[in-house]
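> can you look at this prediction? I've put the sequence above it.
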Protein chains: 2
Amino acid sequence: MNTAVFPTRQPAEARQAAMVQAVLALAAQQEPASITTTDIAKAIGLSQGAVFRHFPNKQAIWQSVAEWLEATLLPLIQTAAQSSPDPLANLGNIFRAHLQFVQENPGVPRFIFHELQQPADSPVKQQVAGMLQRYGGILIGVLQQAKAQAVVVPNLDERSAATLFIGSLQGLVMQSMLAGSFASIQPVAEGVLVLYLRSIRKEVG
Amino acid sequence: MNTAVFPTRQPAEARQAAMVQAVLALAAQQEPASITTTDIAKAIGLSQGAVFRHFPNKQAIWQSVAEWLEATLLPLIQTAAQSSPDPLANLGNIFRAHLQFVQENPGVPRFIFHELQQPADSPVKQQVAGMLQRYGGILIGVLQQAKAQAVVVPNLDERSAATLFIGSLQGLVMQSMLAGSFASIQPVAEGVLVLYLRSIRKEVG
DNA sequence: ACAGTATGTTAGTAAGTACTCGCTAACATA
DNA sequence: TATGTTAGCGAGTACTTACTAACATACTGT
């Protein structure tokens, strides 16, 4: 995680970005709740005190992580959602894009769950909740498109379908947590996608 | 959570059980990682030091919670899995039984996720992982039964179907975390179940 | 050349953390 | 009644946490 061999002085922006990535890297290996400012400092090769040169407090770091997440994930999903004229194919593309993103950033699901667990409506939780809301909105949009093209059952409940979609991804994440790695779930993932599409698709003649 | 109005002396077993319930109750309101022995002591009306009269250390408390969970959830699922001769109906019954259990014990999903997040193979994580393994086994059994009765698609991948089943429940749990309560997701839950069954069911006529 | 500022270190603080210890009172039983 | 056990309290222990203050040094604009 060390961005430089020599501990050169770096601008605040670079340090902030490095810390955000460090948090995600650490979250891949341990509970987000147990990540300390000392851990973060060590990960980027700085003293613990220096952390507070670039963030006013710890919560601001988490806020930054949430912002990075929203700015990275949503465009990815949005692009996949419009990647073809076929809505069902687009759902598959979102599914695969999401899985790949999570595979490359294993700390992300833990971070999200960590925040949602918080009972208080902290700004960070609100940010994450808002992102998931928008994620669901994208899904519902694609599902409505599918309904308009009559490729799904005409009485489809989009909200339930969106919940099942996100749940199917979560089930895979959980599976990988049990297995300890993402490597072994690839075939299961494809199987789950097939089942999901079958659950909403209109039977063809 | 207080089992007695007057802080009477109670046998160790009763205190242990009370602490397990206290942990689950606290987990419904805060992150499991942030539950302290002081919190637990307060919840059952004891001094913090007294906690260690009944448990050798904190991990032993979590271990007890995991054991309670396994001993409570699995029989519930097992019963639902055999509740009728119709495998598909039984899947629905498992689904509803699980949801009701989670609704009555909102701390449970948080506890499970908290343990799975742990990278080290602590005894507690192994216990939880084992329970989920057995849960999946029960599901796969019902799915195989359904296949034998030819009420699902003949080439169904049971492992994917079990993953999607658990995922569908997780999606609902996540939805309720976003909403802040379980109350509002009842209709969505039924919709999700309908979709799930559609994903595996063989088309009739 | 040099003042000002941004970035860094080291060494603190107060508030928590799990866990222990000496002691006491309730209970069981010989 | 004497003796041993169990369950409790309250005040400690050593350690960790987020955050701060005092001081040092590289970079920048004039």
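In hand now; what should we look at?

> okay, helices next: where are they in chain A?
With DSSP state H as the criterion, chain A has helices at A:12-27, A:37-43, A:48-54, A:58-81, A:87-104, A:107-117, A:123-148, A:158-179, A:186-200.

> how about the residues of chain A that lie near DNA strand D?
A:8-9, A:34-38, A:48-49, A:52, A:56-59 (Cβ under 7 Å from any atom of the strand). Yep, even glycine has a C-beta here, placed from its N, CA and C like the rest.

> what's around the closest residue to A:D39 other than its chain neighbours, how many residues?
Counting by Cβ to Cβ, 6 or more residues apart in numbering or on different chains, A:D39 lies nearest to A:L26, which is 5.7 Å off, once chain neighbours are set aside. Residues near A:L26, counting by other Cβ atoms under 10 Å in any protein chain shown, number 21.

> show the contacting residues for A:L26.
Applying Cβ atoms under 8 Å, 6 or more residues apart in numbering or on different chains to A:L26 gives the contacts A:I35, A:D39, A:I40, A:A43, A:G107.

> any chance of those in CSV, plus neighbour count?
As requested, the contacts of A:L26 are exported to CSV (neighbours: other Cβ atoms under 10 Å in any protein chain shown):
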residue, neighbour count
A:I35, 22
A:D39, 15
A:I40, 23
A:A43, 18
A:G107, 23
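
> pretty sure A:V20 is touching A:A66, no?
No: using Cβ atoms under 8 Å, A:V20 is not in contact with A:A66, being 9.5 Å away.

> so what's A:I94 closest to, chain neighbours aside?
Nearest to A:I94 is A:A80, by Cβ to Cβ, 6+ apart, at 4.4 Å.

> could you report the neighbour count for the one you found?
Quick note: A:A80 (other Cβ under 10 Å) scores 21 neighbours.

> hang on, it packs against A:P87?
No: counting by Cβ under 8 Å, A:A80 does not reach A:P87; the two are 11.6 Å apart.

> hmm, back to that, can you check the pLDDT for the residue nearest to A:I94?
If you check A:A80, the pLDDT there is 98.

> can you list the buried residues in stretch A:153-172?
Going by neighbour count (16 or more other Cβ atoms under 10 Å in any protein chain shown), the buried part of stretch A:153-172 is A:153, A:156-172.

> poorly predicted segments of chain A, please.
A:1-7, A:204-205 (pLDDT under 70).

> what residues does it put near DNA strand C?
A:7-12, A:15, A:46-50, A:53-54.

> re the thing from before, ok, so what distance separates the residue nearest to A:I94 from DNA strand D?
Separation of A:A80 from DNA strand D (Cβ to the nearest atom of the strand, to the nearest Å): 35 Å.

> go on, A:L195?
If you go by Cβ to the nearest atom of the strand, the gap between A:L195 and DNA strand D works out to 41 Å.

> do the same with A:S199
On the measure of Cβ to the nearest atom of the strand, A:S199 and DNA strand D end up 43 Å apart.

> for that residue, which non-adjacent residue is spatially closest?
Nearest to A:S199 is B:S199, by Cβ to Cβ, 6+ apart, at 3.4 Å.

> how about the contacts made by the one you found?
A:L195, A:Y196, A:R198, A:S199, B:A161, B:L164.

> test my guess that A:L197 contacts A:G92.
Yes: the pair A:L197 / A:G92 is scored as a contact, 7.0 Å apart, by Cβ under 8 Å.

> got the contact list for A:L195?
A:L195 neighbours (Cβ under 8 Å, 6+ apart): A:S168, B:D157, B:S160, B:A161, B:L164, B:S199, B:I200.
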